[in-house]
Every structure is written in structure tokens, then in C-alpha cells.
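Undergrad: Sequence and predicted model, in that order:
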Amino acid sequence: MDSEAMLGVSYGLDTFYFLICGALVMWMAAGFAMLESGLVRAKNTAEILTKNIVLYGVASIMYLLVGYYIMYSGTEGGLFPSLGFLIGDENAVDAVTAEGLAEGEGYYSMRADFFFQVVFAAASMSIVSGAVAERMKLWAFMAFAVVMTGFIYPIQGFWSWGGGFLDELGYSDFAGSGIVHMAGATAALAGVILLGARKGKYGPNGQINAIPGANLPLATLGAFILWMGWFGFNGGSQLRMSTVEDANAVAQVFTNTNMSAAGGLVAALITARLLFGKSDLTMVLNGALAGLVAITAEPLTPSALQAALIGAVGGVLVVFSILALDKLKLDDPVGAISVHGVVGIWAVLVVPLTNADASFVAQLIGIVCIFAWVFIASLIVWSIIKAVMGLRVSEEEEYEGVDIAECGLEAYPEFVRK
């Protein structure tokens with residue numbers, strides 16, 4: 001087989017792999033929907049399902065129109081991405097692909113790259129959904145989704161993955177513990193601060209009242225779906241697998257992803273048992289997700305045992321973080337800020353321990369810059385939305401459930417409240 005034919009086979013295989021991984025990440029949208037709907041009360045289920053499916057459509061459109069071009073059409077080493085992009089220029093995409101193939105560098109379709117990247121943008125916004133559940137107006141959330149997926153997320157993504165200044169500094173984030181997960185959690189934190197806690201969550205004398213979710217089997221299914229989808233999230237970030245080296249790297253990434261999730265799960269289980277005397281399922285689920293976030297910044301260079309230990313630290317951190325946020329009266333119904341934010345920071349910081357090319361200084365700068373940008377920008381956008389249309393449903397609507405107020409229907413209409 002001549003070199004041109006080999007390039008064609010490599011191109012086809014890598015494009016197919018990229019698309020399959022993108023589909024796995026898209027499946028994570030179902031995981032977020034199931035996890036969140038299981039952890040909220042029955043009266044708020046239809047609304048949170050609506051948020052999760054609509055945000056995916058909004059993210060896809062906004063990332064096509066502006067987000068992708070902001071993130072990958074900037075000036076190398078710059079602070080600001082290029083604003084001279086062309087919206088939906090498919091001819092330019094074809095030209096880039098053809099040029100790369102001619103030079104032996106076109107390993108996959110640029111359209112496959114767009115598809116893979118758009119599901120990451122949607123995943124970042126999905127993190128926000130659970131943290132603001134049960135009391136935010138649906139259309140206020142959607143308005144923020146437009147700005148988050150179209151502008152806030154892509155700008156900081158450009159800094160790291162689009163050749164911006166963080167990339168030049170040596171910031172290392174293989175699949176996005178900081179770029180995707182911490183960014184989503186930071187946007188959620190800004191929203192939660194302005195939104196306030198659910199009615200009845202915190203008492204006048206400092207007591208914290210548990211508000212259990214309606215469907216833990218559904219939440220568990222969501223965690224399993226997310227665990228499965230994460231193989232595409234991390235594995236696809238290798239970008240190709242048509243060489244022996246890349247195929248071995250993908251296998252290592254899959255193994256480490258699984259082991260870190262297992263480590264986080266077991267560590268959270270033990271921590272919950274020691275603290276509460278009970279094996280809290282919600283902490284177990286969040287422990288598994290924390291393990292997945294913990295390894296996402298660098299799933300290739302650790303050994304399998306190191307990956308399990310990295311995940312275990314994430315599992316311990318998430319339990320204490322959830323408790324600490326409650327002490328601060330920051331109401332996060334699903335633990336998203338702890339799982340994706342606090343553990344996302346841990347994930348970024350631990351990279352230099354296994355990757356000799358990374359430095360703690362660059363990782364710290366990356367964390368500070370991403371957090372500062374996303375938090376300030378999100379706080380401004382949330383504040384504008386609050387002034388224009390309001391963020392929160394009325395007290396009566398919250399009591400009755402946002403399903404009726406926002407969607408006009410209930411997820412479980414047979415369950416009549418007496």
C-alpha cells in the first residue's frame with residue numbers, strides 16, 4: 001500500500017474513532033439528565049430534564065455560530081481570540097483538511113473535531129444545571145446557556161487548547177479538568193451565590209436540612225452513563241489511534257479513567273461511613289464522578305495504581321467539600337460545584353506529579369486565570385439576567401414545584417399530593 005493510501009486509511013480510522021468518542025461524550029448528556037433528575041424532588045423533575053435536553057441544543061447552535069471559531073481561530077500566545085472568524089465557513093474547513101492531508105498531517109476530519117468539541121461545551125453547561133436546580137427560572141437558565149457556550153467557555157478554552165497564552169506558559173490539561181469541569185462549576189458558583197438557597201434548606205440556627213432526591217435508582221443510572229461516556233471524554237482527547245503508539249496511549253487512558261473512578265468511589269464510601277456511620281449512596285455516586293474528574297487533566301502518564309490513588313483523593317475531597325459548602329450555605333442540590341470545581345482544581349494541580357513536562361506554577365496560573373475569567377464574566381451575566389427577567393421563581397411556585405410553573409406538566413402525574 002502506497003503512502004497516499006496509508007494516509008487515507010489513517011484519516012478514515014482516526015475520523016471514525018473521533019466521531020465514536022464524540023458520541024460517547026454526547027451520551028453523557030443523558031447521564032447528567034438522569035443523575036440530576038434523580039437527585040431533585042419529584043415536583044422539579046420535568047423542568048430539570050427540559051433544561052438538560054434544551055441546553056444541548058443551545059450549546060450546539062451557539063458553538064457552531066461563534067464558539068468554535070473563537071476557541072480555535074485566535075492568535076497563538078494571545079490573550080484575546082481573533083474576531084475575524086467566518087461563521088460556518090465549510091469551504092475553509094475543507095481547505096484545512098485537504099492541506100493537512102497533503103502534508104501528511106490531516107489525521108481526522110475538521111468536522112469531526114467540531115463535533116467532538118461541541119459536546120465538551122455542552123458538558124460544561126450541564127454542570128451548571130444541577131447546581132441551580134429547583135429554584136431557577138427556566139428561561140433565565142437558557143439565556144445564560146447562550147452566553148456560556150457561545151462566549152465564556154470558548155474564550156478560556158482558546159487560552160489553553162486554541163494556542164493562547166496559557167498554552168504558551170505550559171499549562172497542561174489533557175481532557176479538561178480545568179477547561180471544562182472547573183469552568184462549569186465556577187459558572188455554577190456565581191449563579192448559586194446570586195440565586196440563594198432553596199426554601200427550607202437552612203434553618204435560622206445554622207441547622208442544615210436534608211432535601212432527599214426523588215429517584216436514587218435513576219441517579220445511579222446517570223452515574224453509570226457518565227462513567228461510560230467518560231471513556232470517550234478522555235480517550236477521544238488523544239485525538240487519534242491509527243498508530244501503535246496512539247493505540248497504546250488510548251488503552252492506557254481508558255484503564256486509568258476506570259481505575260480513578262473506582263478509587264474515588266471506594267474512598268468516598270469509606271469517608272462517608274467514617275463520618276456518618278452510614279454508606280451514603282449519594283456520596284458514593286459523587287465519589288465515582290470525582291474520581292473521573294480527578295484523572296481528566298492527565299489520564300495518560302500515571303500508572304493504573306497512581307490513577308486509583310489520584311481518584312481516591314478526589315473521592316475524599318468531594319465529601320468534605322459538599323459538607324463545607326453546606327456550612328457556607330451555598331446550596332448545590334447535586335454536589336456539582338464540589339465534584340467538578342474542587343476536584344477539578346485537584347486534578348489540575350496533580351498533573352506535574354506524573355507528567356514531567358508540566359509545572360506547578362503554570363498549573364496554578366491556569367487555575368487562577370480560568371476561575372477569575374469564568375467567575376467574573378458569569379457573575380456579570382447572571383446579574384444582567386437577574387435585572388432583566390429575574391433568576392428565581394416565586395416562593396409559591398417553588399413550593400408547588402417548578403415543573404408546573406415552568407413546564408406546565410409533571411414528570412410523575414400519578415403521584416397526587418394530598
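TA: Perfect, I can see it now. Here the structure is a predicted model, which means the values were calculated and not measured. Numbers count the residues shown, from 1 in each chain.
Undergrad: contacts, neighbours, all on C-alpha from now
TA: Noted.
Undergrad: Neighbours of residue 142, how many?
TA: 17 (other CA atoms under 10 Å).
Undergrad: Tell me the spacing between it and residue 18.
TA: Distance of residue 142 to residue 18, computed by CA to CA, to the nearest Å: 29 Å.
Undergrad: And for residue 299?
TA: In terms of CA to CA, residue 299 sits 17 Å off from residue 18.
Undergrad: of those two, who's got more company?
TA: For residue 299 versus residue 18, the count of surrounding residues by other CA under 10 Å is larger for residue 299: 32 against 26.
Undergrad: Return the distance of the residue nearest to that one when sequence neighbours are not counted relative to residue 300.
TA: Using CA to CA, 6 or more residues apart in numbering and skipping residues adjacent in sequence, the residue nearest residue 299 is residue 253, 5.1 Å away. Taking CA to CA as the criterion, residue 253 is separated from residue 300 by 5 Å.
Undergrad: which of these two has more neighbours?
TA: Using other CA under 10 Å, the more surrounded residue of residue 253 and residue 300 is residue 253, with 29 against 26.
Undergrad: what sits against that one?
TA: 231, 234, 235, 299, 300 (CA atoms under 8 Å, 6 or more residues apart in numbering).
Undergrad: Residues contacting the host helix or strand of the third one, please?
TA: For residue 235, the enclosing helix or strand under DSSP states H and E is helix 216-235. The list of residues contacting helix 216-235 from outside it, by CA under 8 Å, 6+ apart, reads 20-28, 30-39, 120, 174-175, 250, 253-254, 257-258, 261, 285, 288-289, 292, 296, 299.
Undergrad: lowest-pLDDT helix or strand in the chain?
TA: Here the helix or strand of the chain ranked lowest by mean pLDDT, DSSP states H and E is helix 90-102, holding a mean of 46.
Undergrad: Run the chain-centre distance for the very next helix or strand once past it.
TA: Downstream of helix 90-102, the first helix or strand assigned by DSSP H and E is helix 110-131. Average the C-alpha atoms of helix 110-131, do the same for its chain, and the two points are 8 Å apart (CA atoms, centre = their mean, to the nearest Å).
Undergrad: Surely residue 196 and residue 330 touch.
TA: Yes: Residue 196 lies in contact with residue 330 (CA atoms under 8 Å); the separation is 7.3 Å.
Undergrad: Who has more neighbours out of those two?
TA: More crowded of residue 196 and residue 330, by other CA under 10 Å: residue 330, with 21 against 17.
Undergrad: That one falls within a strand, correct?
TA: No: Residue 330 is assigned coil when assessed by DSSP: H, G, I helix; E, B strand; the rest coil, not a strand.
Undergrad: Give the rounded mean pLDDT of the biggest helix by length in the chain.
TA: If you go by DSSP state H, the chain has its longest helix at helix 3-39. Averaging pLDDT along helix 3-39 yields 90.
Undergrad: could you say what helices and strands it packs with?
TA: helix 45-62, helix 110-131, helix 216-235 (3 or more CA pairs under 8 Å, 6 or more residues apart in numbering; DSSP states H and E).
Undergrad: For that helix, what is the distance to the chain centroid?
TA: Worked out by CA atoms, centre = their mean, helix 3-39 lies 16 Å from the chain centre.
Undergrad: Please report how far residue 408 lies from residue 129.
TA: Counting by CA to CA, the gap from residue 408 to residue 129 is 19 Å.
Undergrad: And these two? Which one has more around it.
TA: Between residue 408 and residue 129, residue 129 has the larger neighbour count (other CA under 10 Å), namely 27 against 10.
Undergrad: returning to what we had before: pull out the buried residues from the longest helix of the chain.
TA: In terms of neighbour count (16 or more other CA atoms under 10 Å), helix 3-39 has its buried residues at 7-8, 10-39.
Undergrad: Please apply the same query to stretch 398-408.
TA: Neighbour-count burial for stretch 398-408 [16+ other CA under 10 Å]: 398, 401, 402, 403, 404, 405, 406.
Undergrad: Columns distance to residue 70 and pLDDT on top of those residues, output as TSV?
TA: Formatted as TSV, those follow (distance: CA to CA, whole Å; pLDDT from 0 to 100):
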residue	distance to residue 70	pLDDT
398	38	94
401	38	93
402	35	95
403	36	95
404	38	93
405	36	92
406	33	94
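Undergrad: Out of those residues, which comes closest to residue 47?
TA: Nearest to residue 47 out of these is residue 403 (CA to CA; 5.0 Å).
Undergrad: in the stretch 101-250 of the chain, what spans have low per-residue confidence?
TA: 101-108 (pLDDT under 70).
Undergrad: follow-up on the earlier one: which of the buried residues of stretch 398-408 fall in helices?
TA: Per DSSP H, those map to helices at 398, 402.
Undergrad: Could you single out the nearest of the buried residues of stretch 398-408 to residue 60?
TA: For the buried residues of stretch 398-408, the nearest to residue 60 is residue 406 (22.9 Å; CA to CA).
Undergrad: quick one: contacts for the closest one?
TA: Residue 406 touches 47, 137, 138, counting by CA under 8 Å, 6+ apart.
Undergrad: Counting neighbours, which of the residues you listed comes out on top?
TA: So for the contacts of residue 406 (other CA under 10 Å), the most neighbours sit at residue 47, 26 neighbours.
Undergrad: Which residue, neighbours along the chain excluded, lies closest to that one?
TA: residue 403 (5.0 Å).
Undergrad: what about residue 57, neighbour count?
TA: Residue 57: 12 neighbours (other CA under 10 Å).
Undergrad: on that earlier part again, distance-wise, check the residue nearest to residue 47 relative to residue 182.
TA: 29 Å.
Undergrad: rewinding a little: in TSV, list the helices and strands packed on helix 3-39 along with distance to residue 338.
TA: Converted to TSV, the helices and strands packed on helix 3-39 look like this (distance: least, CA to CA, whole Å):
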stretch	distance to residue 338
helix 45-62	19
helix 110-131	10
helix 216-235	15
